[in-house]
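J.: Quick one, structure for this:
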Amino acid sequence: VEGVKKTRAIFPFAAGRLALLNGNVVLVGNNAGVPVSHCIRDGAMAPCFALPLPADIFDEVNGFAPSGEAPAKSAALRIRLTDFEDKQTLCVSFSHGLMDVASAGMMLAALAAICRGEAPDVTDVRVDRMVLPSTPGPG
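T.: Next up is the predicted model:
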């Protein structure tokens, strides 16, 4: 959890919420938080390439789409740590309207570096505005 807090300082937009402003979807930097959950599963973790992955290792984003000018109540980024008997998984679920895949990779690399006690190498944080819907959709 401490690593997530330090990572959030580098990626402050990740704790914001989506809202509508003059009919456009915007990201409100209200620091409303990133839900982080933890669960423990009996047994060993299945091989990474065993598909499908169990749904309960993800905390799927939902309810993040704005319905008005007030920020959405639900986060557009959720993180779940799952302990197995032999390993751990860290699963991230996010709306592409919050960040692009390159930024998500940088966020995870920064989190990994912080958890290892290293300084993160973050040089280009971006928000991909091209994928934000012009009207709210399901979610």
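
J.: just checking, what packs against the helix ranked longest in the chain?
T.: For the chain, the helix with the greatest residue count under DSSP state H is helix 101-115. Contacts defined by 3 or more CB pairs under 8 Å, 6 or more residues apart in numbering; DSSP states H and E place helix 101-115 against helix 2-10, strand 88-94. Just so you know, the C-beta spots here come from the backbone N, C-alpha and C atoms, and that holds for glycine as well.

J.: Mind listing residues that contact the shortest one?
T.: Think strand 88-94. Applying CB atoms under 8 Å, 6 or more residues apart in numbering, the contact partners of strand 88-94 are 14, 45, 57-61, 76-82, 104, 108, 111.

J.: Mind checking which of those residues are buried?
T.: The neighbour-count test (16 or more other CB atoms under 10 Å) applied to these identifies 14, 45, 57-59, 61, 76-82, 104, 111 as buried.

J.: Flag every buried residue along the longest helix of the chain.
T.: For helix 101-115, the neighbour count (16+ other CB under 10 Å) marks Ser103, Ala104, Met106, Met107, Ala110, Leu111, Ala113, Ile114 as buried.

J.: Could you list every helix and strand that the helix or strand Thr82 falls within packs against?
T.: According to DSSP states H and E, Thr82 maps onto strand 77-83. With contacts taken as 3+ CB pairs under 8 Å, 6+ apart, strand 77-83 sits against strand 36-40, strand 88-94.

J.: As a markdown table, these with distance to Pro52, mean pLDDT and mean neighbour count would be great.
T.: A markdown table is the format used below for those (distance: least, CB to CB, whole Å; pLDDT from 0 to 100; neighbours: other CB atoms under 10 Å):
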| stretch | distance to Pro52 | mean pLDDT | mean neighbour count |
| --- | --- | --- | --- |
| strand 36-40 | 18 | 90 | 13 |
| strand 88-94 | 13 | 88 | 16 |
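
J.: Good, we can wrap up now.
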